[in-house]
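**Q** show me the folded form of this:
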Amino acid sequence: MVEALLPDGVSLAAASLLVVASFFTSALTASFGVGGGVAMLALLGLFVPVAVLIPVHGAVQLGSNSGRAWHQRAHIRMNVAAPFMAGSVVGAIAGAFIVVQLPDAWLKLVLGGFILAISWARIPGIERLDKAGLAVASVGLALLSMMVGATGPLLSPLLAQFLAGDRKALVATHAAAMVAQHGLKIVAFGLAGFAFGQWLPMVVAMIATGYLGTRYGTRWLDKMPEETFRRWFKIGISVLALDLLRRGVMALG
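**A** Numbering: from 1, shown residues only. Just a heads-up that it's a prediction; the model follows:
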């Protein structure tokens with residue numbers, strides 16, 4: 001009975017793992033303001049076809065970030081979020097026409113490389129951006145999001161330049177900005193003909209557990225030193241990213 005609600009090619013065990021993982025990835029993002037989307041992208045990459053990975057990930061993240069934005073709505077700084085939202089419209093429209101042109105193997109390589117890059121690399125020159133620069137940068141981030149999915153870790157240091165010293169505002173504004181980006185992504189893929197219907201039951205279940213994770217996230221990581229967690233998180237993410245790269249290389253061969 002349950003299997004009938006799952007999309008083709010996704011087993012009950014895989015779907016169950018993803019639903020449970022959604023709780024923890026949402027808790028992670030609610031605690032640190034970043035990281036959960038990358039973890040979910042890497043996990044989804046192991047179980048769902050690459051051709052549907054980005055829109056499905058976007059739907060899950062739309063629900064997760066919506067819950068976070070709602071719970072922390074009092075701290076959202078719209079004067080910072082608005083420029084990002086405006087630029088995201090342009091990037092999402094452009095990305096809808098570019099993502100379909102990437103071959104499966106190359107998309108795996110892009111995903112794996114992107115996850116490694118945002119997990120370990122430092123973005124140069126980011127401290128010099130003003131709000132106009134944020135709007136321009138958001139076009140590129142939205143375009144990139146259409147191809148690689150999780151651009152939250154790139155947005156966080158951008159927002160931090162305007163919200164220094166206010167962690168609650170940073171986390172809440174980040175959530176609002178990502179709701180806009182993922183929402184635009186869903187619209188763009190829908191207009192491009194992607195059928196979300198068969199993925200809806202699994203996505204709804206993941207959003208539900210993600211909502212619980214968001215509620216729990218503010219307390220979940222208090223028991224673990226942040227430096228220790230971040231180190232092991234990077235290691236785990238890197239293993240998953242390297243597996244995507246391996247499969248991409250094998251597909252090319």
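
**Q** which of the residues in whichever strand or helix holds residue 214 are buried?
**A** Element membership for residue 214, per DSSP states H and E: helix 200-220. By 16 or more other C-beta atoms under 10 Å, the buried positions in helix 200-220 come out as 202-203, 205-207, 209-211, 213-217, 220. All C-beta spots, glycine's among them, are computed from the backbone N, C-alpha and C.

**Q** looking at the residues you listed, which is nearest residue 64?
**A** The closest of the buried residues of helix 200-220 to residue 64 turns out to be residue 210 (C-beta to C-beta; 4.2 Å).

**Q** please tell me how far the closest one sits from residue 84.
**A** 22 Å (C-beta to C-beta, to the nearest Å).

**Q** ditto for residue 184
**A** For residue 184, the distance to residue 84 - C-beta to C-beta - is 11 Å.

**Q** do residue 212 as well
**A** 28 Å.

**Q** does anything pack onto the host helix or strand of residue 93? Which helices or strands?
**A** According to DSSP H and E, residue 93 maps onto helix 78-98. Counting contacts by 3 or more C-beta pairs under 8 Å, 6 or more residues apart in numbering; DSSP states H and E, helix 78-98 packs against helix 131-148, helix 152-160, helix 167-191.

**Q** what's the longest one packed up against?
**A** Okay, so that is helix 167-191. helix 50-71, helix 78-98, helix 131-148, helix 152-160.

**Q** for residue 180, find the nearest of those helices.
**A** helix 78-98 (4.2 Å).

**Q** how far away from the center of its chain is that closest one?
**A** 15 Å (C-alpha atoms, centre = their mean, to the nearest Å).

**Q** next helix or strand past that helix?
**A** helix 104-120.

**Q** quick one: average pLDDT of that next one?
**A** On average, the pLDDT along helix 104-120 is 76.

**Q** tell me the buried residues in that helix?
**A** Buried residues in helix 104-120, defined by neighbour count with 16+ other C-beta under 10 Å: 105, 107, 108, 109, 110, 111, 112, 114, 115, 116, 118, 119.

**Q** kindly present the buried residues of helix 200-220 as CSV, with separate columns for distance to residue 27 and pLDDT.
**A** Shown next, in CSV, are the buried residues of helix 200-220 (distance: C-beta to C-beta, whole Å; pLDDT from 0 to 100):
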residue, distance to residue 27, pLDDT
202, 19, 94
203, 18, 93
205, 16, 95
206, 13, 95
207, 14, 95
209, 10, 95
210, 9, 93
211, 11, 91
213, 4, 92
214, 7, 88
215, 9, 86
216, 5, 86
217, 4, 80
220, 5, 64
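
**Q** is it possible to get TSV of the residues you listed that adds distance to residue 180?
**A** Formatted as TSV, these follow (distance: C-beta to C-beta, whole Å):
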residue	distance to residue 180
202	24
203	19
205	24
206	20
207	17
209	23
210	18
211	19
213	21
214	18
215	22
216	25
217	21
220	26
